[in-house]
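1. Okay, here's the prediction I keep looking at, along with the sequence it came from:
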Amino acid sequence: MKLQISSRLAIFALLELAAHPERQLSVAEIGEKYGISNHHLAKVMHALARARLVRSVRGAGGGYQFSGQARRTTLLDVVNLFESSAAGNGNADAERTVEERALREVLGEIDDIASATLGSITLATMLKLVERHRSRLQHGGLNA
Amino acid sequence: MILRKEPNKQPTTTGEAVSIRRVRAGDVAEVIAIDEHVTGLAKAKYWHEVFERYGKRRLADRLFLVAETCKAKGRGAIAGFIIGEVRAWEFGSAPCGWVFALSVEPDARLRGVGQALLAAIAQEFKKAGVSKMRTMVARDNRLHLTFFRSQGMMAGLYIQLEKELE
């Protein structure tokens, strides 16, 4: 499964902000960590602000702050802000052949599983997963 | 692997103590009531049979645990239950702990009861010598999927397949 770049940026930005909800981070600070252009990230942050997942904080030290609910917001909620759920697996009305219908059934199965996975992982769960990876990395590093 | 006689007490997310212990015959009516409340279907015969199989026999491999919160204790009520067993070599799988039922009374949710039940059964599975726990959830059941994910469970190696019989 491949996510569009905007979806990936949005997830990374939300994880940065949701990890410390009291903290404000600028687009430049988030962009630097992930090597992302400020221009692209700014657009993503606007979309997240419209969805009320982050709030813009003005003034010195301003930036963005997490304003969503980490235990309620799933990766699917985020991805749906940037990607059409009606991905190109064919349209039942436009299909002329049984082969097209059969292929749509198989691709639909993949989409259903992807949606179930993204829809069941909240930002809070992702933060735990990030910590697990950090811990493995540190453990591996100590053993190295 | 039999649970200690003293219930396993764990704090819930609200700080309320929850006691996890093996099911007793007197709990079955409450298990039936919770399941009926949650699913809308009364399955008394099924739960009595489950109690016979998982609450009384082969207790070294089978776990039927209930959660009592202090608050619920006054009313003699059970807040939730979990059932599982160690299964070996099905589908070629090495011995592993299977959880096939987990239910929490809706009024007792969001207090960490499900989390405490899952942690208790995981501990018992580990004592039984298995290092993996497995369950199956309908992919449109967002509530259950989200819960198991929040407890660190990820998709396993197996894919469930089925077919309509004509």
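-> Everything's here; your move.
2. so what does the longest helix anywhere in chain A touch, helix or strand wise?
-> Across chain A, the longest stretch assigned as helix under DSSP state H is helix A:98-120. Counting contacts by 3 or more C-beta pairs under 8 Å, 6 or more residues apart in numbering or on different chains; DSSP states H and E, helix A:98-120 packs against helix A:75-82, helix B:142-150. (Glycine included, C-beta is placed from N, CA and C.)
3. Compute the inter-axis angle for that helix and helix A:75-82.
-> Interaxial angle, helix A:98-120 versus helix A:75-82 (axes from the mean of the first three to the mean of the last three C-alpha atoms, to 10 degrees): 120 degrees.
4. residues of helix A:98-120 that come out buried?
-> A:104, A:115-120 (16 or more other C-beta atoms under 10 Å in any protein chain shown).
5. Flag every residue of chain B that's near chain A.
-> Residues of chain B found near chain A (C-beta under 8 Å from any C-beta of the partner chain) are B:139-140, B:142, B:145-146, B:148-150, B:152, B:155.
6. one more time with 7 Å, if that's ok
-> B:139, B:142, B:145-146, B:149-150, B:152, B:155 (C-beta under 7 Å from any C-beta of the partner chain).
7. Would you state the strands of the chain in chain order?
-> Picking chain A for this. In chain A, the segments counted as strands under DSSP state E are A:54-57, A:63-66.
8. Hmm, no, I was thinking of chain B.
-> Under DSSP E, chain B gives strands at B:8-11, B:17-22, B:62-69, B:80-87, B:96-104, B:133-135.
9. Where among the ones you listed is average confidence lowest?
-> Across the strands of chain B, strand B:8-11 has the smallest mean pLDDT, namely a mean of 60.
10. got the residues of chain A near chain B?
-> Checking chain A against chain B by C-beta under 7 Å from any C-beta, the hits are A:112-113, A:116-117, A:119-122, A:124-125, A:128.
11. Those into JSON lines, with extra columns for pLDDT and distance to residue A:18?
-> Output for the residues of chain A next to chain B, formatted as JSON lines (pLDDT from 0 to 100; distance: C-beta to C-beta, whole Å):
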{"residue": "A:112", "pLDDT": "91", "distance to residue A:18": "27"}
{"residue": "A:113", "pLDDT": "93", "distance to residue A:18": "25"}
{"residue": "A:116", "pLDDT": "93", "distance to residue A:18": "22"}
{"residue": "A:117", "pLDDT": "95", "distance to residue A:18": "19"}
{"residue": "A:119", "pLDDT": "95", "distance to residue A:18": "18"}
{"residue": "A:120", "pLDDT": "96", "distance to residue A:18": "17"}
{"residue": "A:121", "pLDDT": "97", "distance to residue A:18": "13"}
{"residue": "A:122", "pLDDT": "97", "distance to residue A:18": "10"}
{"residue": "A:124", "pLDDT": "97", "distance to residue A:18": "8"}
{"residue": "A:125", "pLDDT": "97", "distance to residue A:18": "11"}
{"residue": "A:128", "pLDDT": "96", "distance to residue A:18": "12"}
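12. Kindly export the biggest helix by length in chain B (C-alpha atoms) in PDB.
-> The longest helix of chain B (DSSP H) is helix B:113-127. This file holds the C-alpha atoms of helix B:113-127, laid out as PDB (Å, rounded to 0.1, in the frame of the first residue of the first chain):
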ATOM      1  CA  VAL B 113     -11.600  -3.200  32.200                       C
ATOM      2  CA  GLY B 114     -11.000  -4.800  28.800                       C
ATOM      3  CA  GLN B 115      -7.300  -3.800  29.000                       C
ATOM      4  CA  ALA B 116      -7.000  -5.500  32.500                       C
ATOM      5  CA  LEU B 117      -8.700  -8.700  31.200                       C
ATOM      6  CA  LEU B 118      -6.400  -8.800  28.100                       C
ATOM      7  CA  ALA B 119      -3.300  -8.200  30.300                       C
ATOM      8  CA  ALA B 120      -4.400 -11.000  32.700                       C
ATOM      9  CA  ILE B 121      -5.000 -13.600  30.000                       C
ATOM     10  CA  ALA B 122      -1.700 -12.600  28.300                       C
ATOM     11  CA  GLN B 123       0.100 -13.200  31.600                       C
ATOM     12  CA  GLU B 124      -1.500 -16.600  31.900                       C
ATOM     13  CA  PHE B 125      -0.600 -17.500  28.400                       C
ATOM     14  CA  LYS B 126       3.000 -16.600  29.100                       C
ATOM     15  CA  LYS B 127       2.900 -18.800  32.200                       C
END
